[in-house]
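>>> no sequence on this one, just coordinates:
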């Protein structure tokens with residue numbers, strides 16, 4: 001009887017340990033302290049094409065942005081603001097099958113951090129407070145919402161890769177001269193990579209921790 005009880009106790013203890021190991025990664029606390037180095041102003045330049053797809057792709061070969069970065073606490077937490085962002089130039093406009101595309105961003109947008117992986121130096125989060133007025137040929141519409149993104153310390157690349165449902169086409173104002181191509185039911189997707197540089201020319205680092 002005693003041997004049976006001992007065996008039962010060992011089995012129960014092993015099962016409890018295995019259960020705890022299984023839960024540990026999933027129950028790990030998210031980062032709440034975000035350290036940005038250096039803080040202050042930054043500039044961003046596209047690496048490759050920037051594409052906004054709202055039924056049809058609208059492609060920009062050039063894009064740039066600027067704003068400020070700061071250490072902060074919380075989760076989610078705003079680690080940077082995008083005070084200005086431009087898409088295309090007069091000499092290299094963004095294009096689509098509807099015609100040239102003009103995008104006017106209503107800023108500030110935010111760079112929001114949610115999760116940090118120390119082994120890779122990657123911060124996951126999103127670009128928030130997105131609002132932009134888009135004109136493609138005669139079609140005019142407004143995009144609002146957020147865009148899922150990651151930032152990698154080793155490369156300084158802010159990779160924007162929104163998923164369906166992150167962004168929406170506004171009903172106020174509603175699309176104009178877009179027919180069935182762009183409607184309020186359209187779910188735009190925004191994708192592109194930006195190289196970030198601090199004002200002193202170095203690549204910024206974002207580190208999340210949970211003291």
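All right, it came through fine. Just so it is clear, the structure is predicted and the values come from calculations on it, not from any experiment.
>>> tell me which stretches of this protein form helices.
2-26 (DSSP state H).
>>> by mean pLDDT, flag the weakest helix or strand of it.
Among the helices and strands of the chain, helix 2-26 carries the lowest confidence by mean pLDDT, DSSP states H and E, at a mean of 41.
>>> can you get me a residue count around the residue nearest to residue 99 when sequence neighbours are not counted?
Nearest non-adjacent residue to residue 99, counting by Cβ to Cβ, 6 or more residues apart in numbering: residue 137, 3.1 Å away. Just so you know, the C-beta spots here come from the backbone N, C-alpha and C atoms, and that holds for glycine as well. Around residue 137 there are 14 other residues, counting by other Cβ atoms under 10 Å.
>>> so where's this protein uncertain?
Applying pLDDT under 70 to the chain picks out residues 1-28.
>>> ok, the residue nearest to residue 99 touching residue 95?
No - counting by Cβ atoms under 8 Å, residue 137 does not reach residue 95; the two are 10.2 Å apart.
>>> how much space between residue 118 and residue 92?
Separation of residue 118 from residue 92 (Cβ to Cβ, to the nearest Å): 39 Å.
>>> now residue 65
In terms of Cβ to Cβ, residue 65 sits 16 Å off from residue 92.
>>> also residue 120?
From residue 120 to residue 92 the distance is 34 Å (Cβ to Cβ).
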